[in-house]
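# Build the 3D model from these lines:
(one chain, ligands or ions: 1)
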Amino acid sequence: MPFRFFSLPHLRLLNSSFMKKTITTNPSLLLSRPNDVFTRVFPHKLKYQSFSSSKKSGLPKSLIEDEAELSDWVSELKSDSFKKSRLYSDSDDGGNDSDWRGKRKRESDNRREFGVERGRGRGSGDSRGRGELGRRNDGLSKGEGGRKSFDSGRKGKRAGDDGFVSKRGGKSVSRGLMVSNEDEDEGQQPVAVSSPRSSPDGSESYLSETRFDQCAVSQMSLKAIKDAGYEKMTVVQEATLPVILKGKDVLAKARTGTGKTVAFLLPSIEVVVKSPAVSRDQKRPPIQVLVICPTRELASQAAMEANKLIKYHPSIGVQVVIGGTRLGLEQKRMQASPCQILVATPGRLKDHIENTAGFATRLMGVKVLVLDEADHLLDMGFRKDIEKIIAAVPKQRQTLLFSATVPPEVRQICHIALKRDHEYINTVREGSEETHTQVQQTHLVAPLDKHFSLLYALLRDHIADDPDYKVLVFCTTAKVTQLVADLLGELKLNIREIHSRKPQSYRTRVSDEFRRSKGLILVTSDVSARGVDYPDVTLVIQVGIPADKAQYIHRLGRTGRKGKEGQGILLLAPWEQFFLSTIKDLPIAKRELPLVDPNTTKKVEKALCNVDMKNKESAYQAWLGYYNSNKTIAKDKYRLVELANEFSRSMGLDNPPAIPKLVLGKMGLKNIPGLVALVING
Ligand SMILES: Nc1ncnc2c1ncn2[C@@H]1O[C@H](COP(=O)(O)OP(=O)(O)OP(=O)(O)O)[C@@H](O)[C@H]1O
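Numbers count the residues shown, from 1 in each chain. Okay, the predicted model is just below:
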């Protein structure tokens, strides 16, 4: 296709006279396109990258039989690319657990864990006792450019959910949200569409002044919105709704926890409302809205939100298809209650396309395609699945891409899904951070052998400080998550764990419980990093470097939702400090090491002794796989192995666990001193 694309290097704030003019012309939502601004914004041409011409995998697309096969196929593709760029973590649409050597290994594990065991059963560890409360030691380092002391004024503020705007009320500061269009030839450019308000302390309200009943949606949808307790639109809803309702393709960026789900669901539902009613006799009515989410939790959550919004539309149905449940059950459910709105994870959707009778035909009715967490879905891990899905829906459709992060690479490849005249709506003000100002972010650097004790001390201090604590601890891989959860459970903290190695029924139960609870710590892999809306999370701790800046932002975004306060701590080893330069534009203060008394250290060491040896072995291998996929760390394999063995010692092991020779070969770590190779006969 002879497309020409033009990159949008950075959206800039429009000059103040233009802003003023735009905003006074229409105080709510405006779209205008002055040409002088436009020509300054699109200077670089972008080469069109056809997905069909991407690297050959050796398999024609039509021969991909199932999810696992596709995973292998993608893995092959990725083996070149993933080392080039970034670490991957455990956020994928997981399929069945299986062996690294087996054909059906999950692709995400191929990236990181290089595990050899399959779904090894450990007690679910559901209910663990309440922990002891210890002495508090905040230890935020001084001289952090006037930042508030770590906990100052935090207590008691979180309750102010709906009152956030009025509390922070102050004078509105006009500033532009950016809408852009990539096609210079058509004379379209970023324009100011709205002006979210800043409070006197500089934080931005997530709510706009526009009420839902001011926009052109059906009365029945408005009624449901009211029942859901929403009155004013959030900033991203205000900015995107009119554009989407006009039928435009949209790429939208808005901070975490600011209502992006409703922003894409509400106008999508309106498309169904306006479509001719489906006859009752029609057994397989067309799917009109297809929403893709990267994780099962997120897909279920989006379907729940959709169900809220269709409450008064009895003729509209919503279904969710996700991995980890029986395909046959989903097929029966879809037959029993056909739907026009389908929310799916990519792998399972592909399964249905290939294995469910009539499903592909139903997809030909898609009018709106939504990619939630679009940057993640367009990333290498999912790209091929997404390309297949795009090929399975009509070309004539509206496409909506939403995320809190839109890295430049994603801007460059988003045209595989979007029309060339799509609009880019960026609600994050130029020059402001992508994270929330009301979330206090700190980082802590300590040798690896101190991490477990430090983590325990940090959690204990937080619990002592806030009886309503609700904490997420992010770990690098599923198996490291399992290890940390075991350890914290041994230390009698009230914990739950969630990661791709857990059965879906367990994941759903734990996720629901954590959503409802207070006084709980959820130890998790990246399956909880994006989109999951747990209310009132007080603290997010990230142990070890996240995959990239976007993943840091999404993990942190589990706290500080809907204008609430929160804290984020990033715990790094000295050799992981390079990651700080990746996130240097975020307001992350250095935190002083909390005092860990010798008794605490001893207690943690004792608890580590009680952790199952097999879990330590798995964690070691997973750890090695994860850091081996990091360009910076893995460039010196000898050093990498030294570090892995430091991790092994930190788990209380005298000698590093053996790793199957085949796995070492796959990791490119054969014959590196310090590793113990395990030869498996037969
Ligand atoms: N207009 C509104 N008024 C008040 N609350 C709202 C409104 N719209 C959505 N919400 C609520 O805000 C919360 C966050 O919404 P949502 O999960 O869609 O955020 P998000 O921007 O998608 O976050 P993330 O980037 O983490 O995926 C949800 O609990 C949702 O019900």
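# The helix or strand containing residue 268 near the ligand anywhere?
Assigned by DSSP states H and E, residue 268 belongs to helix 260-274. Yes. Residues of helix 260-274 are located near the ligand by Cβ under 6 Å from any ligand atom, namely 260-262. Heads up, the C-betas are built off the backbone N, CA and C, glycines and all.
# Next one: the closest residue in space to residue 601 that isn't next to it in sequence, what pLDDT does it get?
In space, and not counting its chain neighbours, residue 601 is closest to residue 453: 5.0 Å by Cβ to Cβ, 6 or more residues apart in numbering. The score at residue 453 is 97. That number is its pLDDT.
# How many residues are close by the closest residue to the ligand within the stretch 301-450 of the chain?
The minimum distance from the stretch 301-450 of the chain to the ligand, using Cβ to the nearest ligand atom, falls at residue 404 (4.0 Å). Applying other Cβ atoms under 10 Å, we find 26 residues neighbouring residue 404.
# what sits against it?
Remark: with contacts taken as Cβ atoms under 8 Å, 6 or more residues apart in numbering, residue 404 is in contact with 253-256, 260, 434, 553-554, 557.
# again, but for residue 361
Residue 361 is in contact with residue 284, counting by Cβ under 8 Å, 6+ apart.
# Can you say which helix or strand has it in it?
Assessed by DSSP H and E, residue 361 sits inside helix 359-363.
# can you check residue 493 too?
Residue 493 is located outside every helix and strand, with elements delineated by DSSP H and E.
# Check whether it really touches residue 521, as I assumed.
Yes. With contact defined as Cβ atoms under 8 Å, residue 493 counts as touching residue 521 (5.7 Å).
# Report the set of residues contacting both of the two.
By Cβ under 8 Å, 6+ apart, residue 493 and residue 521 have these common neighbours: residue 459.
# give me phi/psi at the closest residue to residue 491 other than its chain neighbours?
When the adjacent residues along the chain are set aside, residue 491 lies closest to residue 607, with 4.9 Å between them (Cβ to Cβ, 6+ apart). Main-chain torsions, residue 607, degrees, to the nearest 10: phi -60, psi -40.
# so where's the stretch 251-400 of the chain shaky on pLDDT?
279-281 (pLDDT under 70).
# quick one: the helices in it?
Applying DSSP state H, counting those that start in this stretch to the stretch 251-400 of the chain gives helices spanning 260-274, 296-309, 327-336, 346-355, 359-363, 374-377, 380-392.
# re the thing from before, would you mind getting the angle between the helix holding residue 268 and helix 296-309?
Angle, helix 260-274 to helix 296-309, by axes from the mean of the first three to the mean of the last three Cα atoms, to 10 degrees: 50 degrees.
# which helices and strands sit right next to helix 260-274?
When contacts are defined as 3 or more Cβ pairs under 8 Å, 6 or more residues apart in numbering; DSSP states H and E, helix 260-274 packs onto helix 219-227, helix 235-245, strand 250-253, strand 289-292, helix 296-309, strand 341-344, strand 368-372, strand 398-403.
# buried ones in it?
Residues 260-273 are the ones in helix 260-274 that count as buried (16 or more other Cβ atoms under 10 Å).
# And for stretch 631-650?
633-634, 637, 640-641, 643-645, 647-648, 650.
# Over to stretch 227-244?
The neighbour-count check on stretch 227-244 (16+ other Cβ under 10 Å) flags 230, 232-244 as buried.
# Those: which two are farthest apart?
Greatest spatial distance among the buried residues of stretch 227-244 (Cβ to Cβ): 230 and 243, at 19.3 Å.
# quick revisit: tally of neighbours for the residue nearest to residue 601?
Residues within reach of residue 453, counting by other Cβ under 10 Å, total 22.
# In contact with it, which residues?
596, 600-601, 604.
# By neighbours, which of those residues wins?
In terms of neighbour count, residue 604 stands highest of the contacts of residue 453 at 24 neighbours, by other Cβ under 10 Å.
# Give me the distance between residue 629 and the ligand.
Per Cβ to the nearest ligand atom, to the nearest Å, residue 629 is found 25 Å from the ligand.
# actually residue 492, not the one I typed
Counting by Cβ to the nearest ligand atom, the gap from residue 492 to the ligand is 31 Å.
# Got the phi and psi for that residue?
Dihedral pair for residue 492: phi 70, psi 30, per degrees, to the nearest 10.
# And for it, the neighbour number?
Using other Cβ under 10 Å, residue 492 is surrounded by 14 other residues.
# In contact with residue 617, which residues?
Residue 617 makes contact with 657-658 under the criterion Cβ under 8 Å, 6+ apart.
# A helix includes it, no?
Yes. Under DSSP: H, G, I helix; E, B strand; the rest coil, residue 617 falls within a helix.
# where's residue 548 relative to residue 231, distance?
Distance, residue 548 to residue 231, using Cβ to Cβ, to the nearest Å: 36 Å.
# Surely residue 676 is in contact with residue 661?
No. Checked against Cβ under 8 Å, the pair residue 676 and residue 661 is beyond contact range at 10.0 Å.
# Please say which of the two ends up with more neighbours.
The neighbour comparison of residue 676 against residue 661 (other Cβ under 10 Å) goes to residue 661, with 14 against 11.
# Please tell me the pLDDT value assigned to that one.
The model's pLDDT for residue 661 equals 93.
# Leaving out chain neighbours, which residue sits closest to it?
Computed as Cβ to Cβ, 6+ apart, the closest residue to residue 661 that is not its neighbour in sequence is residue 677, at 4.5 Å.
# which ones are touching residue 585?
Contacts of residue 585 (Cβ under 8 Å, 6+ apart): residue 433.
# how close does the closest residue to residue 307 other than its chain neighbours get to residue 286?
Distances taken as Cβ to Cβ, 6+ apart place residue 318 nearest to residue 307, at 5.4 Å, with adjacent residues excluded. Computed as Cβ to Cβ, the residue 318 to residue 286 distance reads 14 Å.
# out of these two, which sits in the more crowded spot?
Between residue 318 and residue 286, counting by other Cβ under 10 Å, residue 318 is the more crowded of the two (25 against 17).
# before we move on, the earlier item: of the contacts of residue 453, which is the nearest to residue 479?
Among these, and counting by Cβ to Cβ, the member closest to residue 479 is residue 604, at 19.3 Å.
# So that closest one sits against residue 456, correct?
Yes. Using Cβ under 8 Å, residue 604 is in contact with residue 456, at 5.5 Å.
# and stretch 666-682, C-alpha only, in PDB?
Provided in PDB are the C-alpha atoms of stretch 666-682 (Å, rounded to 0.1, in the frame of the first residue of the first chain):
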ATOM      1  CA  LYS A 666      18.900 -21.700  24.800                       C
ATOM      2  CA  MET A 667      19.900 -18.900  27.100                       C
ATOM      3  CA  GLY A 668      23.300 -18.700  25.500                       C
ATOM      4  CA  LEU A 669      25.000 -19.400  28.800                       C
ATOM      5  CA  LYS A 670      26.700 -22.700  28.000                       C
ATOM      6  CA  ASN A 671      30.100 -23.100  29.800                       C
ATOM      7  CA  ILE A 672      29.900 -19.800  31.700                       C
ATOM      8  CA  PRO A 673      31.800 -20.400  34.900                       C
ATOM      9  CA  GLY A 674      29.600 -20.400  38.000                       C
ATOM     10  CA  LEU A 675      26.600 -22.200  36.500                       C
ATOM     11  CA  VAL A 676      25.800 -25.800  37.300                       C
ATOM     12  CA  ALA A 677      24.500 -27.700  34.200                       C
ATOM     13  CA  LEU A 678      22.100 -30.500  34.700                       C
ATOM     14  CA  VAL A 679      22.100 -33.200  32.100                       C
ATOM     15  CA  ILE A 680      18.800 -34.900  31.700                       C
ATOM     16  CA  ASN A 681      19.000 -38.300  30.200                       C
ATOM     17  CA  GLY A 682      16.300 -39.700  28.000                       C
END
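# please begin residue numbering at 48 from this point
With the count now opening at 48, the last piece we talked about shows up as stretch 713-729.
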